[in-house]
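Kindly return the folded structure for what I paste below:
(2 chains)
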There are 2 protein chains.
Amino acid sequence: MAKKTVYFFGAGTAEGDMTMKSLLGGKGANLAEMAGLGLPVPPGFTVSTEVCDLYYRNRKRIPEAVKAEIVKNLRKLEKAAGRGFGDGRNPLLVSIRSGARASMPGMMDTILNLGLNDKTASALIARTGNARFVFDSYRRFVQMYGDVVLGLRPESQDDIDPFEALIEEKKKDRGVHRDADLSAADLEDLVRRFKAAIRARTGHDFPEDPMRQLWGAVGAVFGSWMNDRAIAYRKLYGIPETWGTAVNVQLMVFGNMGPASGTGVAFTRDAATGENVFYGEYLMNAQGEDVVAGIRTPLPIADLKKDDPKSYARLEKIRRILEKHYADMMDIEFTIQDGELYMLQCRVGKRTAFAAIKIAVDMVGEGLITEKEALSRIEPDQLNQLLRPVFDQAEKEAAVKAGRLLAKGLNAGPGAAAGRIVFNSVDAEAWAGRGEKVILTRIETSPEDIKGMNAAEGILTARGGMTSHAALVARQMGKVCVAGCGELLIDYGARTMTVRGRRLREGDWISIDGTTGEVIEGRIPAKPSEVLRVLIDGTLVPAEAPVYRTFAKVMAWADKHRVLKIRTNADQPDQAANAVAFGAEGIGLCRTEHMFFGEGKIGPMREMILAETAEARKAALTKLLPLQRRDFAGIFEVMKGRPVTIRTIDPPLHEFLPHDEQGQRELAAETGIPAEKVKARVDSLHEFNPMLGFRGCRLGIIYPEITEMQARAVFEAAAETKKKGIPVEPEIMIPLVGHVKELTDQEALVRRVAGEVMKEQGVKFKFLVGTMIEIPRGAVTAGEIASVAEFFSFGTNDLTQTTLGVSRDDAGRFLVPYVEKDIYPKDPFEVIDRDGVGWLMRTAVEKGRTTRPMLKLGICGEHGGDPSSVEFCHLIGLNYVSCSPFRVPIARLAAARAAILNPAPKKAPGRKGGL
Amino acid sequence: MAKKTVYFFGAGTAEGDMTMKSLLGGKGANLAEMAGLGLPVPPGFTVSTEVCDLYYRNRKRIPEAVKAEIVKNLRKLEKAAGRGFGDGRNPLLVSIRSGARASMPGMMDTILNLGLNDKTASALIARTGNARFVFDSYRRFVQMYGDVVLGLRPESQDDIDPFEALIEEKKKDRGVHRDADLSAADLEDLVRRFKAAIRARTGHDFPEDPMRQLWGAVGAVFGSWMNDRAIAYRKLYGIPETWGTAVNVQLMVFGNMGPASGTGVAFTRDAATGENVFYGEYLMNAQGEDVVAGIRTPLPIADLKKDDPKSYARLEKIRRILEKHYADMMDIEFTIQDGELYMLQCRVGKRTAFAAIKIAVDMVGEGLITEKEALSRIEPDQLNQLLRPVFDQAEKEAAVKAGRLLAKGLNAGPGAAAGRIVFNSVDAEAWAGRGEKVILTRIETSPEDIKGMNAAEGILTARGGMTSHAALVARQMGKVCVAGCGELLIDYGARTMTVRGRRLREGDWISIDGTTGEVIEGRIPAKPSEVLRVLIDGTLVPAEAPVYRTFAKVMAWADKHRVLKIRTNADQPDQAANAVAFGAEGIGLCRTEHMFFGEGKIGPMREMILAETAEARKAALTKLLPLQRRDFAGIFEVMKGRPVTIRTIDPPLHEFLPHDEQGQRELAAETGIPAEKVKARVDSLHEFNPMLGFRGCRLGIIYPEITEMQARAVFEAAAETKKKGIPVEPEIMIPLVGHVKELTDQEALVRRVAGEVMKEQGVKFKFLVGTMIEIPRGAVTAGEIASVAEFFSFGTNDLTQTTLGVSRDDAGRFLVPYVEKDIYPKDPFEVIDRDGVGWLMRTAVEKGRTTRPMLKLGICGEHGGDPSSVEFCHLIGLNYVSCSPFRVPIARLAAARAAILNPAPKKAPGRKGGL
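Predicted coordinates:
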C-alpha cells in the first residue's frame, strides 16, 4: 500500500490532529485538530511535509502517486463544499497555504482564490450578484499567481512590482486614489492587463485550467521552502532544512463579500500583559491582507459584540474551548462570510516575557496546567526582557527606519543603553562624575578600563568576542555591552569613530542594544527593567509589586523543581549582593585578577611582575596582601556563609602591563625602573599563543609566592569574618590544571598557608581545595586529579577553545560561516558542544566520581547561563552551574526545565553532596 | 623477623646475585654474582638500597637494627679475611663504596683504607715492612675521610683543597716535585698535619675508633645520594630519587704494595670498535686512582702477559666466563695484590654506537645471544651517532676547555656542523655559491628562509622550539640545527651576534652540535657519518663497506621483527629519495605549504592571499597549479608506488606574507597593490592565537578553490605518473579536522576533482581520503570521523599542544622547570604523554576501528621518530609511524624493539590492513 501523503479535514472530522505537526505542519495539524473538535473550519486537505522531500528528490515535480491522492481529496472537498472545481455554475475556490512544523511567518508563499478563470468568475457573479467582489478576487488571484508561481516579481528592491504598476496606471487613468474606488469594470480590465503582462513576460498564457493552476500553486509552495528568505529565516532560528513544509488546500471563505462579512485575528489573552481578556482586532467587509496592510484601521475585538453579536458569542465560546483544550494562550484567525463564522488558523500565541509568566501563573491558578507545565512554557532567555532595561520599541523602530542603525556587533551584555561617546576610561569617569550618561567606546578593553566601564551606561568595542574582557566584565557588572563590532574604526587620537563613512565624535549621543547587538546613532529612550531596579548604590530592589510577585512565584516554582544549584560569577561585594538578590546560592567563580585593577592595586601588581628577584616580588606582594584581604572579607560578609569559590591568578602577566610606549614610560617613571627594562620585560612576556602560554597554575608553580599571598589573603579574610560571627567557607580553585602534580604542588602550598593562618589567628574555618577542568588533559586524567581535588569546576570557555582547537578571539573568520554551513549546529561558545566538549565533561565526571564519589562538580564557564548547556549540566550530574549575576534567574528556570524534561537524571552519588 | 638489610658476599658464596640490582645496586649485585661464580672477589657485604630510604626517614641516622646487622656482617668479614677490625696486630681495612641501581659514575662518594689509625698503621707496618706504603695509605684515608665525611672541601671552585695545599707545602719544604718523592716520614708528618687541619676546621679530633669511622663513612655515602652533583645527574638521566643507593663494605686489597701488585680496568671487547679483543689498561704498583689521574701512563692490557703471566691468564679466563655468563660485553676492574688477582667490579660495558652494533651482531654469530636480544641491546637513539656527521671529540673538548662554548640551545637537528656566520637567506645562498661553508643564523626562520637553509651547513636560531619552523625543516632536510638559543642577541642591522657580552660578526667561524645543542666559537672539524655519506647531489651512499654491512644486518633483523611500518615526512623528491635509502616504506606527511616557497611559487601564493574576490584567487591558483603538479609528480616517481600522504594547506595564511614594512612595500611594488592595502591585509590576518586560528581545513572550507587546486595538482600528477607506467597511490589528508562535517565537506570536493581528472586524463588510479587527528575533538569524535576518513594520521605536535593547553613556542618559561620539578616526567613534545595525549589516541583508535575495522592508522608528529613514542604507537595498534628521513633507521629499530618487548600487542583488526 502506498504511503498516506494527503490528510483531509472539515465537516466535523479530520484525518490528522495536533500531535502530527511534523507531518502536517503547524497550520495543518491545528486545522485538523479544530475540525476534530467540531469547530467551524472550512473543509480542505493537507499535503504532508514528506511530499516536500519527495518533490525535491523528484526534480521539483509532484510525484504522480501524490497527484492522484490530491485529486481524490479534491473530489472529497467538492462533496463537502457542495461545489465543483472549475464548475461553470457553482465553482469551488480554494486557498493554497504553506505550513511548516515551526512557524515561519511570511517566509513562504500563499495563493488565494485559486480556481478562478473567466468561466468560473462569470458563474460566481451570477451566484453572488457582486461583480466587483468577483473581479477584485480575480485580479488578486492573477496577481498572486503571477508573482508566486510565474515569477513576475520586482527584480531588485528598486524595481516596482509589475502588477502594482498597472494598478497605479489604472488609478491615474481613472483619476482615483484608492483601490476601493476602482469599479468592477476597472478590475475586469486589470485582470486582462495582468494576463497580457504575464504573456509578455513569460511567453505563455495565464492558465485558465483550474487543475493546472492547482499543480502550479502546490509546486510553488514547495518551491518557496528553498527561497532565500526562508533559508535565511531557518538559519536564524535553527530550523533544519530537512523538515520541509506541508501544503494546505482549503475551501475559500470571503470576509469581503459585503457588510455581513469580515475577518480578524485575536489572542485568547492579552499577549503583551498576559491579562485574561479576549484581545484582537477585526475589519468588516475585508480580507486578511487588508487587516495587515493598515489602510483601514482595524477595530478592537470587543466592538464585534455590537457589529455581529452572534459571531462574537461563537468566538468567545471557541476561545474558551481552545484554551481549555490546548491549555495555553492561543492566536486565532477567523473570517465571517455572510454572517457565518469560520476558523482559519489557531496556534499557540507568541507573547512578551511578562505575559508568558503571567499567563503561566494564572493558568496554574485556573487549574488549566500544573506548575511543571507552567515552567516548561517560559523560555529562560525571555527573562532577559524582564530583568534588563529595554528600548522603547516604537522609538527604536523609528530610528532604524530613519537609517540611524550604524552597525551590528555581538550581543555581549543584554539590555539597552544610551549615552554620549567617550573614548577612554578616565573621560568616562570624569563625564559620569558631572552627571553625563556615557557609552565607553574602545577598540578593546583591558583590565585597566574597569573603573571607566563601571562609570559608563554601556560599553561598545570594535574587537573581541563573547568572552572578551569587555564582554565578561560587562555581564558581571550588569552593564549593557556590544562587543566585537568590527565595522567601527576608532581613532583615539582624533577622538572619533567612523562607521561606513559616517563619523561620530566624542560627546555625540549613541544607543546600544546589548540584547541584539545593534548600535544606533542618537538617543533612544530606554525604560528600566520590568521586574527589578538598580538603585544608585548598586542595590537591586523589586520594581513594581504585582509584576515582581508573579516573577517571584515562577522563581519559587523553579527552585522547587530544579536539582542543580545556581551560583554566580562575581568578584566584588556589590556584584555578589546583586547575585544573591537574584537568587544565587553561592559564588562559583571569583576572579582574583580583576581585583588587581581596583584602587591602588595595579601599582604593586606591576612592581611584582617587574621584580627581578623572589625577594623583590615578595615585597610587592606584601603590599597587595591587605588590599586583597579587604576584597575577600567584603565578599564573605555579603555571602553570609554561602560557598565562595576563589580562583588563584589566571591570566598571563603581560595583561597587567602597559603595551604602548607612553604607558611604559609612565610606568618607568612611577617605579624608577629604566624604561628600556620595562619594555624588555613586556617584550619578554610576549607570547605567540598566550591562550596556551604562561598562565593559570603555571604562574603559581613558577612563582609560588603569588599563590601564597593570595591564599593568605583569603584565609586571613576568612578568619576575620569568622571572628565577626559570620560563617564562611572558601573554596580555593587552582586554574588550568592538566596534570595532578600541578594541583598537588599548589594544594600543599594552600594547605600550609591555611594551617599557618589558623594558628596565627587562633580560629578554625573549613575550606576546600579544587581545580578547574578547562583543558582536555584535565578531563582525561580527572580520575587522578580527583585524588587531590575536592571539587571540579568546568571552565568550558577554555575547554571549548582547546578541545576544538579554536581561539575564540580569532574564530570570526570561520565560525560564522561554519554555523551557516551547518558544520557546527550552534556557536560552540554559546551552547555546549555536547559531542566533543560535553563528551570530555562526561568522561571527567565519571572518572572523577569513581575516585571520589562525593566530588563536588560545577561549571563556571559562560555556558553556565545558557539554557541548553544548563540542561546538559543537569544530565551529566553536576551539582551546580555558575553564571553572571543577571543570568541567575535564567539559570534557575533553565535548571527547573531541565529537571522537568529529564525527570530521571543519572543519580550520581556526588550530587547528594549538594552545593 | 626483621627485614634483611645487609647481604654478605665472598669466599665462594653470596647472599645476593645479579638479579638483585634494585636492592643491592649494580656494583653490589655484580660483586655477589661474581662471588657466586667462584671468581676471586675480596669478601664484603652490601647494605641495601632500602636502608638509604630508612636513613633519610630516620633523620639521617642509620637505624639501630641495621647497625646490628652491619656489625654481624663485619664479624663474618673478619672471619673470612682472617683479620680483625681495629686489631692491633692484624688489622682489617675496608673500602666503602656507593652503588645505585643505575650507574652514576663519580657522582657519589667512596672511602678507601678505612680502619686505619695510629695503632693499626703501626701493626700494618710491622706486618708488611713497608712504612711508606702504610703512611701513603693512611694519609689518603684521612684525606678522603676529611673530605667526604667531615666536609673539608674547597668552598668554591677558586678555593684550593685544604689537604692538597698541605701536600704542596710539604713538597716545597722538601724541594721535590712529585708525590712519589715524599718519604715515609714526610707522609707520616702529613697525616699529623691533616689531622691538625681537621681539628682546626671542625673543632673535633679525627676519629681514631674504626667503628666510629665506619658509621661516619656509611652515613656519608647515603648522604651523598642527595648531593648536588648526584641530583643533577639523576635529573639528566631520568633516575628516580626513590631508588636510593646501596653501600658496599669490602676487604681492602692493594695494588700499590710493591712490584708484584697492580691494578687495571678492561673491557671484554673493544668498546670503541666492537672488535672481539681484550681491551684495557693497567699499572703495576698503583692504586685505582693513579690509573685515572694520568700521572703515570697506563700500559695496554696485552703487556700484562709479560709483567704477570699468571694473573693475565686468570683474567683471560675470567673474561670468557663473564661474557658467557652475562652474554654481553663487560667492563671490569681488578687489582693484583702481591701476585694475587682480585675482581673489584664488573658491569655491562658502555660502548660507542658502532661497537654496540658490531658486538650485538658478532654475539649472534657466536651463538651467545639471539637476534631479538641483539636488537634489544642497541639503543635506537645511538644510531644518530652513526648516521650523522660528528665533531672530532678531542678537538671539541679542547674548544670547550678553552672557554669557546658560547651557549646551549635546543638540539633540534642532530649532527655537527661548522661554518661562517651569515644572517640571512640571500647571503647564505651567495656565500655558499662561492664555496663557503656557512651557518645560517637567524632570530627565527620563516618559510622564506628555505633556500638559505638548504645552502647552509647548519641553522642556528635564537627563538622557537623543537617544532619551530627551523627545527622541522632542518630535520626534514637532514641539516644540523640548534634552535631556541635564547642567549643569542642577534642584530641584523649591524650583522652581529652577541652572547654574554662576546660579539661575533658576519663571516666569523662558528660550530654547532645539533645532537647536544652546543654552540661553540671557531671551527671544529667534523667527520662524516660512519655509515652513510651524502653526495653533493644529495644522494646517500654507504660510507665504508664492512661498517655498512653490519648496520644493514641490524636493520634487516629490525625489519624482520617489527610490526609497525615506517614512513617518512618529506616534501621534496630528494628528501623522499634519501628516506627510501634509509628504508622508508612510504611518505606519511608531505607538507604542501613548504612547496609554496620553491622557485617562483611564493609570488602567485601571495597574489592568492591578497585577492579580494574568488575570481582573483582562482587566477592566482591557476598559476600555482602546474608548479605544484610538478612537485607531486617528482615525488611519485621517486616513491614508485609506495603510499604518499599529502596534506592540504595547513598554516595560517599570514605566514606567507612579509611582516616587516620593507617586505610589504616590495610586495606592493611587485603586485601593483597599494602598500596600505597589503598592510591592511597582513593586519587583518593577524591572530591572537594563530595556533588555534584560521588554518588547517578551515582554510579549504572557506576558500574551497585552494583545496580544489591542490587536489587537482595531486591527481593530475598521479595520472601523469601512471601513464609513465609507474604505480601511484596518493592519500589526501585533510588537516585539523574536529568535526566530521569538516571532512565531509572537503572529501566531497576532493572526490569530485579526482573524478574530473580521471575523466579528463582517461586514466584510473586509486587514492584515499583521510584526516589528521590533531585536536582533541577529532579524537573524541573519531567514530563519526571514521565514517568518512579512510585513514587517520595522528598529528601529535598539535594534539599535545591542545590537549595540554601548551603552546610549544611559549612553553620555555614553564616546561623546563616542570620537567625539573617532575610535574611532567619528560618533555611531552619529545616523548608522547601516554596518560593524556596517549589516552586520547587510544580512544580515537578504538572509536575509529569500531566504525571502520580496516581503518589505516599512523602518526606523523615529531614523536614518530622517538623510540618510547614508537613503542606506544605499537602498543595501541597503529599501522605505521612517519618521521624525518634521518630518523627512519631509528624508527625501524625502535619498532622492532617495541615488538620484541611487547610480543603480544593488542591485535587490532585494522593492523592487517598493512601500510
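
In contact with the residue positioned nearest the centre of chain A, which residues?
In chain A, the C-alpha nearest the mean C-alpha coordinate belongs to residue A:381, at 6.0 Å (C-alpha atoms, centre = their mean). Shown in contact with residue A:381 (C-beta atoms under 8 Å, 6 or more residues apart in numbering or on different chains): A:867, A:890. Backbone N, C-alpha and C define where each C-beta goes, glycine included.

any idea how far it lies from chain B?
25 Å (C-beta to the nearest C-beta, to the nearest Å).

Then residue A:586?
27 Å.

Quick one: residues contacting that residue.
With C-beta under 8 Å, 6+ apart, residue A:586 has these contacts: A:565, A:567-568, A:639, A:642-645, A:880, A:882, A:915.

Tell me the one among the residues you listed nearest to residue B:552.
residue A:645 (63.0 Å; C-beta to C-beta).

For that closest one, grab the count of nearby residues.
For residue A:645, the count of nearby residues is 26 (other C-beta atoms under 10 Å in any protein chain shown).

Who does the helix or strand where it lies pair with, and is each partner parallel or antiparallel?
Using DSSP states H and E, residue A:645 falls within strand A:644-647. Partner strands and pairing direction for strand A:644-647 (DSSP bridges) are strand A:587-591 (parallel), strand A:730-734 (parallel).

Might you list the low-confidence residue ranges for chain A?
For chain A, the stretches with pLDDT under 70 are A:1-2, A:155-158, A:236, A:291-295, A:467, A:532-545, A:598-599, A:904-915.

ok, back up a step: now do the SS call for the residue nearest to the centre of chain A.
Judged by DSSP: H, G, I helix; E, B strand; the rest coil, the three-state class of residue A:381 is helix.

again with residue A:580
helix.

Quick one: residues contacting the closest residue to residue A:424 other than its chain neighbours.
Computed as C-beta to C-beta, 6 or more residues apart in numbering or on different chains, the closest residue to residue A:424 that is not its neighbour in sequence is residue A:452, at 6.7 Å. For residue A:452, the contact set (C-beta under 8 Å, 6+ apart) comprises A:422, A:424-429, A:440.

ok, and the most crowded of these?
Going by other C-beta under 10 Å, residue A:440 tops those with 31 neighbours.

where does that residue fall, helix, sheet strand or coil?
strand.

Chain B versus the residue nearest to residue A:424, what's the distance?
Counting by C-beta to the nearest C-beta, the gap from residue A:452 to chain B is 23 Å.

Ok, residue A:35 next?
In terms of C-beta to the nearest C-beta, residue A:35 sits 42 Å off from chain B.

Can you name the residues of the stretch 701-850 of chain A sitting close to chain B?
Residues of the stretch 701-850 of chain A lying close to chain B by C-beta under 8 Å from any C-beta of the partner chain are A:701-702, A:736, A:738-739, A:741-742, A:745, A:774-777, A:780-781, A:784, A:798, A:801-807, A:809-811, A:813-814, A:817-818, A:821-824, A:833, A:835-837, A:839-840.

what do you get if the cut-off is 7 Å, keeping everything else the same?
Residues of the stretch 701-850 of chain A found near chain B (C-beta under 7 Å from any C-beta of the partner chain) are A:702, A:736, A:738-739, A:741-742, A:745, A:775-777, A:780-781, A:801-807, A:809-810, A:813-814, A:817, A:823-824, A:835-836, A:839-840.

quick one on the thing from earlier: please list the outside residues in contact with the strand holding residue A:645.
A:586-592, A:635-636, A:714, A:730-733, A:735, A:793 (C-beta atoms under 7 Å, 6 or more residues apart in numbering or on different chains).

helix/strand/coil for residue A:512?
strand.

same check, this time on residue A:305
Counting by three-state DSSP, the backbone at residue A:305 sits in helix.
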